[in-house]
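Participant: coords below, sequence missing:
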């Protein structure tokens, strides 16, 4: 038997809305909005050009039910291209497209052999492709939140075939993903399959011990927000007559997301940020080839430039955009600048503290700050006092994955008080000087 090829993809999330797309001049917003459709088209183009024998999609083809049929019809068009090329496709529903109304009612094309594209959700289903010696075992989600181990009902491998398990699962769990259809590598290995094609986790990863079956998340085909950085695409397996295979990653994405984490601890001037950003950006552009890139810049560290970064954040962001335009030829979009610095402890800062013997407004300020430092009832009131403001903050700011903004921990409240004291003293001194 000659070399057989299987394309493994997952988490296409067709027509998923891109998050935090801010339209400012020269931002490549439209390229990002249509990215999932182009990524799916790229997948079909790749399958045809590589003469693959089978395409499998491990769930979350869609991103939930649709307002109209255009999303589903787009997939029908791409699936029909595969059928015309003689390439069968096997799909399972994941949590985002499980048993939804339109996904059930829209008629999908059959495979070249007449079999259905979509595997059943009531029980473990399978497709046997005798001409290429491959059998696919899989089960769709019946509901959005499947919390039981679906793999336990998967049958043992069929002798003489290349057995592929298709499963939408969190496996043993992953940050940022719902714990759906949990299982373990050990439970999957006992089935005796040659390859497990998994979906749900959007990072490309593999669980593989020596001489054991590869258990592979191909990742999603297109990053949709800043938590989905780096190349996105699919795996192609090239299988020989003895069912041994080589797997190769193929990028399908048309846009990329990237984060520059800048530690400002040793920075002496804001130009240090711009110099490092320029060098970093050139590397990202080289890796991304022709693709547009959405960039978030995150500044952290204890730095003497803390006040400057916070005061001039808008100007800094525009400077970064200017650099992006100069070096990116319109391909780089500054999604956001996040400043998460702390004021460095300097001799000057330690001196800007109100004495217990202060008089006038300084004494009043000292008393208030001491209450917030030492009176638990007053400290407990801070979250309630801030609630009207907190409710107006953007959700992505409060729930920043790397450094979420909090107002309910003793450490953060103490930090705020220590940071605001020199600022308030400076303002009092400015008022005095002006009077």
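Facilitator: Arrived safely, thanks for sending. In this text the structure is predicted, and so the values were computed from the model without any measurement.

Participant: which helix of this structure spans the most residues?
Facilitator: What stands out as the longest helix in the chain, according to DSSP state H, is helix 410-434.

Participant: any idea how far that one is from the chain center?
Facilitator: 38 Å (C-alpha atoms, centre = their mean, to the nearest Å).

Participant: Next, the buried residues of that helix.
Facilitator: 413, 417, 418, 421, 422, 424, 425 (16 or more other C-beta atoms under 10 Å). (Each C-beta comes from the backbone N, C-alpha and C, glycine too.)

Participant: could these be laid out in a markdown table, adding pLDDT and distance to residue 16?
Facilitator: Converted to a markdown table, those look like this (pLDDT from 0 to 100; distance: C-beta to C-beta, whole Å):
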| residue | pLDDT | distance to residue 16 |
| --- | --- | --- |
| 413 | 79 | 38 |
| 417 | 79 | 42 |
| 418 | 76 | 42 |
| 421 | 77 | 46 |
| 422 | 72 | 46 |
| 424 | 78 | 46 |
| 425 | 75 | 49 |
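
Participant: Next, count neighbours for the residue nearest to residue 116 when sequence neighbours are not counted.
Facilitator: Nearest residue to residue 116, sequence neighbours excluded (C-beta to C-beta, 6 or more residues apart in numbering): residue 110, at 6.3 Å. As a burial measure, residue 110 scores 13 neighbours (other C-beta atoms under 10 Å).

Participant: Could you check how far residue 110 is from residue 49?
Facilitator: From residue 110 across to residue 49, the span is 23 Å (C-beta to C-beta, to the nearest Å).

Participant: Residue 160 in helix, strand or coil?
Facilitator: Here residue 160 takes the coil state, with states given by DSSP: H, G, I helix; E, B strand; the rest coil.

Participant: correct me, but it touches residue 133?
Facilitator: Yes. Here residue 160 reaches residue 133: they are 7.2 Å apart, a contact under C-beta atoms under 8 Å.

Participant: what about these two, which has more around it?
Facilitator: Applying other C-beta under 10 Å to residue 160 and residue 133 shows that residue 133 carries more neighbours, namely 16 against 10.

Participant: and the more buried one, what does it touch?
Facilitator: The neighbours of residue 133, taking C-beta atoms under 8 Å, 6 or more residues apart in numbering as the test, are 1, 4, 160, 161, 162, 243.

Participant: Pull out the buried members of the residues you listed.
Facilitator: 4, 161, 162, 243.

Participant: What is the nearest of those residues to residue 58?
Facilitator: residue 162 (16.5 Å; C-beta to C-beta).

Participant: what residue ranges in this structure score low on pLDDT?
Facilitator: Residue ranges of the chain with pLDDT under 70: 19-27, 65-68, 98-105, 174-177, 208-210, 345-355, 394-405, 407, 426, 430-435.

Participant: Per the annotation, how does it divide into domains?
Facilitator: For the chain, the structural domains run 4-251, 255-344, 357-435, going by automatic domain parsing.

Participant: Could you find the residue nearest the spatial middle of this structure?
Facilitator: Residue closest to the average C-alpha location in the chain (C-alpha atoms, centre = their mean): residue 228, at 2.6 Å.

Participant: show me what contacts that one?
Facilitator: 202, 220, 257.

Participant: what do you get for residue 1?
Facilitator: 132, 133, 241.

Participant: Give me the buried positions along the helix or strand containing residue 385.
Facilitator: Using DSSP states H and E, residue 385 sits within helix 382-390. By 16+ other C-beta under 10 Å, the buried positions in helix 382-390 come out as residue 382.

Participant: The stretch 251-400 of the chain: helices as residue ranges?
Facilitator: Per DSSP state H, counting those that start in this stretch, the stretch 251-400 of the chain carries helices over the ranges 270-288, 306-311, 313-328, 347-351, 361-374, 376-380, 382-390, 395-398.

Participant: Output those as a markdown table; include the columns distance to residue 181.
Facilitator: A markdown table is the format used below for the helices of the stretch 251-400 of the chain (distance: least, C-beta to C-beta, whole Å):
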| stretch | distance to residue 181 |
| --- | --- |
| helix 270-288 | 33 |
| helix 306-311 | 44 |
| helix 313-328 | 41 |
| helix 347-351 | 52 |
| helix 361-374 | 48 |
| helix 376-380 | 42 |
| helix 382-390 | 36 |
| helix 395-398 | 27 |
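
Participant: Nearest to residue 198, out of these?
Facilitator: Between those, helix 270-288 lies closest to residue 198; by C-beta to C-beta that is 25.6 Å.

Participant: Show me what the closest one is in contact with.
Facilitator: For helix 270-288, with C-beta under 8 Å, 6+ apart as the criterion, the contacting residues are 231, 256, 258, 260, 262, 264, 267, 293, 295, 297, 299, 305, 308-309, 312, 316, 319-320, 323-324, 327-328, 331-332.

Participant: again with stretch 300-317
Facilitator: Residues from elsewhere that reach stretch 300-317, judged by C-beta under 8 Å, 6+ apart: 261-265, 267, 269-270, 273, 297, 299, 334, 336-337, 339-346, 403, 423.

Participant: And stretch 334-344, by the same measure?
Facilitator: 20, 22, 226, 257, 264-265, 294-307, 309-310, 313, 316-317, 320-321, 324, 349, 400, 402-403, 415, 419, 422.

Participant: Derive a ChimeraX selection command for the buried subset of those residues.
Facilitator: Selecting only the buried entries of the contacts of stretch 334-344 in ChimeraX, with 16+ other C-beta under 10 Å as the criterion:
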select :226,257,264,294,295,296,297,298,299,300,301,303,304,305,306,309,316,317,320,321,324,349,400,422
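
Participant: So which residues of the stretch 1-150 of the chain form helices?
Facilitator: Counting by DSSP H, counting those that start in this stretch, the helices of the stretch 1-150 of the chain are 29-33, 35-49, 70-84, 101-105.
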